[in-house]
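1. Please work out how this folds:
(4 chains)
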2 protein chains.
Amino acid sequence: MTDGSNMVAAATLIADHTRAKMLTALMGGRALTATELAGAAGITKQTGSTHLRKLLDARFVAMEAHGRHRYFRIADEEVAQLLEELMSFSARSSDRTYATGPKDPALRKARVCYDHLAGELGVLLYTSLLQRHAFDFDGATIALSPAGERLIADFGIDAHAVRSQKRPPCRVCMDWSERRHHLAGAVGAALLARVIERGWAVRGKSSRAIHFRPNGERAFRGYFHLNGVLHEAV
Amino acid sequence: MTDGSNMVAAATLIADHTRAKMLTALMGGRALTATELAGAAGITKQTGSTHLRKLLDARFVAMEAHGRHRYFRIADEEVAQLLEELMSFSARSSDRTYATGPKDPALRKARVCYDHLAGELGVLLYTSLLQRHAFDFDGATIALSPAGERLIADFGIDAHAVRSQKRPPCRVCMDWSERRHHLAGAVGAALLARVIERGWAVRGKSSRAIHFRPNGERAFRGYFHLNGVLHEAV
DNA sequence: CCGATGGTTCGAGGAGCATCGAACAATGAC
DNA sequence: GTCATTGTTCGATGCTCCTCGAACCATCGG
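-> Numbering: from 1, shown residues only, chains lettered A, B, ... in the order given. Model prediction:
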């Protein structure tokens, strides 16, 4: 009821180092097999299996069986949002003065956050879209303005398909390391997908990094008018 | 690091029925004593003391000693936001078809959510303010527009004092029962405080309800142009 | 059909932690 | 000063649940 017993159930699932590692790994956006997740968490596959069962029962993750492999992924955007909130919250008290974010320059520059672009390029993209008035605020979520619709349509994204998704089209995601906001939601995911589709960047195999090709980054920055220069490391 | 060990610590604190009850009770917005909190959670004061110590160490709650009493309250808006997110998330899967929200009509109509107004009147207030373009969206949080500034200044709120608070002035809060949004943040808190200051309503003693006086509700609805009529129970 | 690999189920062991009884410190009322 | 109330600390108890060894299904490749 009002005592939030469900809240306890949700928190309990995350309040375990092993499951937290699994969920964090899945926040990389890829679907991973049970063995891969057990490895990522540093436990045997038996233990991993029980944890995945719990996460599955609670609809925290979704499963798809391909042959003898079982691929797990974050169930939906709501779960991703909860995890984001928790990470963002946890990042507050711990490092205060400490340098925020990962040390790996590639990760700082561009990485995936569940299914959308984070890191400096993600922040710059969102900032640029804001300046060009691509969004309207309707009281609950932000949505594409007519200008925004045109912008992503020109970029090669089917605005209609994006709108028809269940999840909100646009959502502001507070990155737990950058302390800046970037774009999540269906549009955020579509933008990242299109950037990769265009060959401007590739996703790191086992890391969360997004590796932009030199000319890809030039094209990306040019297309979206990103002038910011931070951490010019390559 | 990136494994979210802090996330586990935060989740662990909430992943206990006793602490969850305490935190839920504190989300009522009042500062409560250790004994009151132990009573609310249904445990002895010894056990309650250990839990409060943990919550205090983690900065989830803040404590103020008044004589031999020790008053605990939610530490800050960030903690409140995390709890809101968790409750909102938990409300999703459980009751799907089930009627949402508390059954008590008084609670449905108007109640406190940490420090701001929730329930139907809270939703109506936010909706009305939106229609009158009281907010601007700056990319990270919503803020008062010039029209909004005038509006709350006329209502008797010191806009400057509100702006000088550390926490964001305006924040959209998704109520876990109403499934609608209402206004949180410094402005949301100031609005509720002013409503009570004006004598339009009083806070329930041991409940979360906000009891509007008949003429107080008329004045409130009139002032903010709230036309909605739902649950005309009194 | 047979080995190899991915994944699950079962049982036992063990660690963590919530809980309360008891004793103690601190403050307020009279 | 004396007593009652508030709150904390300590120790013992017991439960939950994480973990892995072992055994067992399912699928793929030959």
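2. in chain A, which helix has the most residues?
-> helix A:77-95 (DSSP state H).
3. buried stuff in that one?
-> A:77-92 (16 or more other CB atoms under 10 Å in any protein chain shown). Quick note: C-beta positions are derived from backbone N, CA and C, even for glycine.
4. on contacts alone, who are the packing partners of it?
-> With contacts defined as 3 or more CB pairs under 8 Å, 6 or more residues apart in numbering or on different chains; DSSP states H and E, helix A:77-95 has these neighbours: helix A:5-14, strand A:171-174, strand A:181-184, helix B:5-14, helix B:77-95.
5. so which of these gets nearest DNA strand D?
-> helix A:5-14 (6.4 Å; CB to the nearest atom of the strand).
6. Which residue, other than its chain neighbours, is closest to A:Thr35?
-> A:Lys45 (5.6 Å; CB to CB, 6 or more residues apart in numbering or on different chains).
7. for the one you found, what are its contacts?
-> A:Lys45 sits next to A:Ala34, A:Thr35, A:Ala38 when contact means CB atoms under 8 Å, 6 or more residues apart in numbering or on different chains.
8. quick one: it and DNA strand D, what's the gap?
-> 8 Å (CB to the nearest atom of the strand, to the nearest Å).
9. Before we move on, what's the pLDDT of that residue?
-> With respect to pLDDT, A:Lys45 scores 96.
10. Pick out the residue of chain A closest to DNA strand D.
-> A:Gly67 (2.9 Å).
11. Which pLDDT value goes with that residue?
-> 92.
12. and the gap between it and B:Arg221?
-> 62 Å (CB to CB, to the nearest Å).
13. So for those two, which residue has more residues nearby?
-> B:Arg221 (19 against 5; other CB atoms under 10 Å in any protein chain shown).
14. residues in contact with the more buried one?
-> B:Arg221 touches B:Leu124, B:Asn227, counting by CB under 8 Å, 6+ apart.
15. Now it: which helix or strand?
-> helix B:214-224 (DSSP states H and E).
16. Same question for A:Gly48.
-> Going by DSSP H and E, A:Gly48 is part of helix A:45-57.
17. That helix to helix A:77-95, inter-axis angle?
-> 120 degrees (axes from the mean of the first three to the mean of the last three CA atoms, to 10 degrees).
18. With only the CA atoms kept, save helix A:45-57 in CSV.
-> Provided in CSV are the C-alpha atoms of helix A:45-57 (Å, rounded to 0.1, in the frame of the first residue of the first chain):
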residue,chain,number,x,y,z
LYS,A,45,27.0,-19.4,-13.9
GLN,A,46,24.9,-21.2,-11.3
THR,A,47,24.8,-18.2,-9.1
GLY,A,48,24.3,-16.0,-12.1
SER,A,49,21.4,-18.0,-13.2
THR,A,50,19.5,-17.5,-10.0
HIS,A,51,20.1,-13.8,-10.1
LEU,A,52,19.0,-13.5,-13.7
ARG,A,53,15.8,-15.4,-12.8
LYS,A,54,15.0,-12.9,-10.1
LEU,A,55,15.7,-10.0,-12.4
LEU,A,56,13.5,-11.6,-15.0
ASP,A,57,10.7,-12.3,-12.6
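19. what comes up buried for the next helix or strand after it?
-> Next helix or strand after helix A:45-57 toward the C-terminus (DSSP H and E): strand A:61-66. Going by neighbour count (16+ other CB under 10 Å), the buried part of strand A:61-66 is A:Val61.
20. Distance from strand A:61-66 to the middle of the chain?
-> 19 Å (CA atoms, centre = their mean, to the nearest Å).
21. helices and strands around it, which ones?
-> helix A:45-57, strand A:69-74.
22. Looking at the ones you listed, which is nearest to B:Ala11?
-> With CB to CB as the measure, helix A:45-57 is the member of the helices and strands packed on strand A:61-66 nearest B:Ala11 (13.4 Å).
23. so what secondary structure elements neighbour the helix or strand A:Val162 falls within?
-> For A:Val162, the host element (DSSP H and E) is helix A:159-163. Helix A:159-163 sits against helix A:146-154, helix A:185-197, with contacts defined as 3+ CB pairs under 8 Å, 6+ apart.
24. Now the terminal residues of stretch A:131-149, how far apart.
-> Taking CA to CA, to the nearest Å, stretch A:131-149 runs 15 Å from one end to the other.
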